[in-house]
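Colleague: One predicted model, sequence on top.
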There are 2 protein chains.
Amino acid sequence: MIISKFFAPATTANLSAGYEIFGLALERPGDIVTAVKTDKPGVQLLSITGDDDKLPKDADKNTATFAAKALIKHLHYEGGIGLHLEKNLPISSGMGSSAASSAAAVAAVNHLLNAGLSNKQLVPFAMEGERLACGSPHADNVAPSLMGGLVLVRSYQPLDLISIQIPENLHYAIVSPDILIRTSDSRAKVPEHINITDVVAQMGNSAAFIAALIQGDFEMLSRAAEDFIAEPARASLIPGFSLVKQAALQSGAAAAGLSGSGPSMFALSDNLKTAQKNAVEMAKIFTAQEIESTIYCGVVSQQGARLIDA
Amino acid sequence: MIISKFFAPATTANLSAGYEIFGLALERPGDIVTAVKTDKPGVQLLSITGDDDKLPKDADKNTATFAAKALIKHLHYEGGIGLHLEKNLPISSGMGSSAASSAAAVAAVNHLLNAGLSNKQLVPFAMEGERLACGSPHADNVAPSLMGGLVLVRSYQPLDLISIQIPENLHYAIVSPDILIRTSDSRAKVPEHINITDVVAQMGNSAAFIAALIQGDFEMLSRAAEDFIAEPARASLIPGFSLVKQAALQSGAAAAGLSGSGPSMFALSDNLKTAQKNAVEMAKIFTAQEIESTIYCGVVSQQGARLIDA
């Protein structure tokens, strides 16, 4: 039997400088999807592990199978496909959990069916998983999870994805506190209309953030990582938000803030040792509030979803 | 007598991709300010030429003298300074006319007094001229007029100006129609609150526009030059706006749109011949409406305000 097994990395989006326009791929963790052909037409979810029974088993409600369905529809494939999902990312964490599952699923199915789409071409199908997960087919997690590195979503209509060159020494720390925030609740916090003064400030920061990455200028990156749109509206959802951010910056991070829609928080730095220190100091703030957290550190991954040994 | 004579170039801001966050310096035209010491304390306007008697002669109402006053106040200079202003830019044209006068004035005074400020350090004083001209101390014209090239205004508070590397072959065409739009009227057209969907689109374009310039990618530049904030609100002020824009794009421009707050329109391209063609085709649309226009073409100037022979 042909087996197609894909890993797709966690991602962190917004980065205190944009909103729905960029995200970057982490080295780890990531979700793993194994796709096999079956006799039953359509896409079935054959198994899930690692989700503590939290994710829906119904193929119409699970993001991995939902995204895979969108892909086989596009491919006019009428046979049967079964997916095994190994969930390694915490759910609703702000680390692109649903995105990693969708990305791994479409990449695995694309390979299984020998469909020949590039990871970039797979993004719109993975976005359908995001539509299911939070009501909005945003690309800032699925695009870096599939394509690796930092992806700028220049436009949604038409979809225009730009891989931005990043410093090889761009490191992250992610601290994921054990509290539950629904992505939909966090998204609802973002105002529908933004004051023009804040728009000007945020545009300046988004543009400078991208310039800083291309030029490898960590000082500029630091100045540009200030969010006027989403983070101020969402900060109240995270216990001790300002203290966690401060802990990261005081321990040498170039930038820090809310990872995606939270509750995870990120820090960026130019070396692994600083990233590890950031993670420890950020986690301490949660510990002091009797909130457990999981930490992840590493270098930003230039690789997105990829085949692994079956 | 010591004479300090400075040229400061016209500029084009917004570029259909940002709003108040960047502008670039044109090769020509530019305003010229000559500063001399006088016996009468304060700043006097000694002469203006080229303005068809349209500009205020009162030193408290003219942008050049107003900006110079802000500078000498900062320098605690208590002597007298006189300015001669040679106006070469059309007034209220969207080509940074008031900005060029303010920039040339502060650069000339800085040199006359041997104050030693860099052109970048002079920006806040030239911004005072903008405050006088339109009520808002915006920096997207004065910064490139002083510093040359393309300047990204990352932040206003604190002021953070970033010179962005641009392709050496970045050319412009500017067509300035002989119609009057007050900058304040054009500014009033921009809504005070922007829908989050448009904010996301505009942030993506601002960031991609800067990435395209740094990478010298004219195709990306072309995709990024689409304005969701100011241009749609202001287009109705310009007779035949869409046709002029279309004429530029159809004659090979990578990008085209409203220059600053208008009525001038700009086009960007990768060579002088195309820029010239863009200018001619854009001007034809105005001519067909019985509107005279002046055209300017050249390469984006890496040089900002500069000393010229007295």
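Modeller: Arrived safely.

Colleague: Flag every residue of the stretch 1-150 of chain A that's near chain B.
Modeller: A:18-22 (Cβ under 8 Å from any Cβ of the partner chain). (C-beta placed from N, C-alpha, C; glycine too.)

Colleague: And the residues you listed, which of them are buried?
Modeller: Neighbour-count burial (16 or more other Cβ atoms under 10 Å in any protein chain shown) is assigned, among the residues of the stretch 1-150 of chain A next to chain B, to A:18-22.

Colleague: As CSV, the residues of the stretch 1-150 of chain A next to chain B with secondary structure and distance to residue A:43 would be great.
Modeller: CSV is the format used below for these (DSSP: H, G, I helix; E, B strand; the rest coil; distance: Cβ to Cβ, whole Å):
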residue, secondary structure, distance to residue A:43
A:18, coil, 33
A:19, coil, 32
A:20, coil, 27
A:21, coil, 30
A:22, strand, 30
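
Colleague: now the residues you listed as TSV including distance to residue A:155 and pLDDT?
Modeller: As requested, the residues of the stretch 1-150 of chain A next to chain B are exported to TSV (distance: Cβ to Cβ, whole Å; pLDDT from 0 to 100):
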residue	distance to residue A:155	pLDDT
A:18	13	94
A:19	14	95
A:20	11	94
A:21	9	97
A:22	13	97
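
Colleague: Can you add distance to residue B:152 and give those back as a markdown table?
Modeller: Below are the residues of the stretch 1-150 of chain A next to chain B laid out as a markdown table (distance: Cβ to Cβ, whole Å):
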| residue | distance to residue B:152 |
| --- | --- |
| A:18 | 15 |
| A:19 | 19 |
| A:20 | 21 |
| A:21 | 16 |
| A:22 | 17 |
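
Colleague: buried sites along stretch A:96-116?
Modeller: So, applying 16+ other Cβ under 10 Å, buried residues of stretch A:96-116: A:96-113, A:115.

Colleague: sorry, that was for stretch A:140-150
Modeller: For stretch A:140-150, burial by neighbour count (16+ other Cβ under 10 Å) applies to A:140-150.

Colleague: what distance separates the start and the end of that stretch?
Modeller: One end of stretch A:140-150 to the other measures 9 Å (Cα to Cα, to the nearest Å).

Colleague: Likewise for stretch A:143-155?
Modeller: One end of stretch A:143-155 sits 12 Å from the other (Cα to Cα).

Colleague: quick one on the thing from earlier: go through the buried residues of stretch A:140-150 and name the one nearest chain B.
Modeller: Closest to chain B out of the buried residues of stretch A:140-150 is residue A:140 (9.7 Å), distances taken as Cβ to the nearest Cβ.

Colleague: from what I can see that closest one touches residue A:23, true?
Modeller: Yes - here residue A:140 reaches residue A:23: they are 4.1 Å apart, a contact under Cβ atoms under 8 Å.

Colleague: Common neighbours of the two, please.
Modeller: The contact sets of residue A:140 and residue A:23 overlap at A:11, A:13-14, A:151, A:260 (Cβ atoms under 8 Å, 6 or more residues apart in numbering or on different chains).

Colleague: Tell me which of those has the lowest pLDDT.
Modeller: Of all these, residue A:260 carries the smallest pLDDT score, 94.

Colleague: and it, what does it touch?
Modeller: Residue A:260 is in contact with A:11-14, A:23, A:94-96, A:140-141, counting by Cβ under 8 Å, 6+ apart.

Colleague: out of the buried residues of stretch A:96-116, which are inside strands?
Modeller: Among the buried residues of stretch A:96-116, DSSP state E puts none in strands.

Colleague: Return the subset of those lying in helices.
Modeller: Among the buried residues of stretch A:96-116, the residues falling in helices (DSSP state H) are A:97-112.

Colleague: show me where chain A has strands.
Modeller: In chain A, the strands defined using DSSP E lie at A:3-13, A:22-38, A:42-49, A:80-86, A:150-156, A:159-164, A:171-177, A:193-195, A:255-258, A:265-269, A:293-299, A:306-307.

Colleague: what's the closest of those strands to residue A:59?
Modeller: Among those, strand A:42-49 comes nearest to residue A:59, with 5.0 Å by Cβ to Cβ.

Colleague: Return the distance of the closest one from the chain's centre.
Modeller: Chain-centre distance of strand A:42-49: 22 Å, with Cα atoms, centre = their mean, to the nearest Å.

Colleague: elements contacting that strand?
Modeller: Applying 3 or more Cβ pairs under 8 Å, 6 or more residues apart in numbering or on different chains; DSSP states H and E, we find strand A:42-49 packed against strand A:22-38, helix A:63-74, strand A:80-86.

Colleague: Who are the contact partners of the residue nearest to residue A:69 when sequence neighbours are not counted?
Modeller: Nearest non-adjacent residue to residue A:69, counting by Cβ to Cβ, 6 or more residues apart in numbering or on different chains: residue A:43, 4.9 Å away. When contacts are counted by Cβ under 8 Å, 6+ apart, residue A:43 touches A:59, A:65, A:68-69, A:72, A:80-83, A:109.

Colleague: Of these, which qualify as buried by neighbour count?
Modeller: Buried by 16+ other Cβ under 10 Å: A:59, A:65, A:68-69, A:72, A:81-83, A:109, out of these.

Colleague: follow-up on the earlier one: got a winner among the shared contacts of residue A:140 and residue A:23 for most neighbours?
Modeller: In terms of neighbours by other Cβ atoms under 10 Å in any protein chain shown, these top out with residue A:11 at 34 neighbours.

Colleague: List the buried residues for the longest helix anywhere in chain A?
Modeller: Longest helix in chain A by number of residues (criterion: DSSP H): helix A:196-215. Within helix A:196-215, the residues that qualify as buried are A:196, A:198-215, counting by 16+ other Cβ under 10 Å.

Colleague: Please apply the same query to stretch A:24-44.
Modeller: For stretch A:24-44, a neighbour-count test (16+ other Cβ under 10 Å) marks A:24-27, A:29-36, A:38, A:42-44 as buried.

Colleague: Was I right to think residue A:235 contacts residue A:258?
Modeller: Yes - Residue A:235 is in contact with residue A:258 according to Cβ under 8 Å; the separation is 7.2 Å.

Colleague: can you list residues touching both of the two?
Modeller: Here residue A:235 and residue A:258 have residue A:241 as joint contacts, going by Cβ under 8 Å, 6+ apart.

Colleague: Contacts only, for residue A:298.
Modeller: Residue A:298 is in contact with A:26-28, A:171-172, A:272, A:275, counting by Cβ under 8 Å, 6+ apart.

Colleague: Pairing partners for it in the sheet, please.
Modeller: When assigned by DSSP bridges, residue A:298 has beta-bridge partners residue A:172.

Colleague: Quick check: it vs residue A:29, distance?
Modeller: 10 Å (Cβ to Cβ, to the nearest Å).
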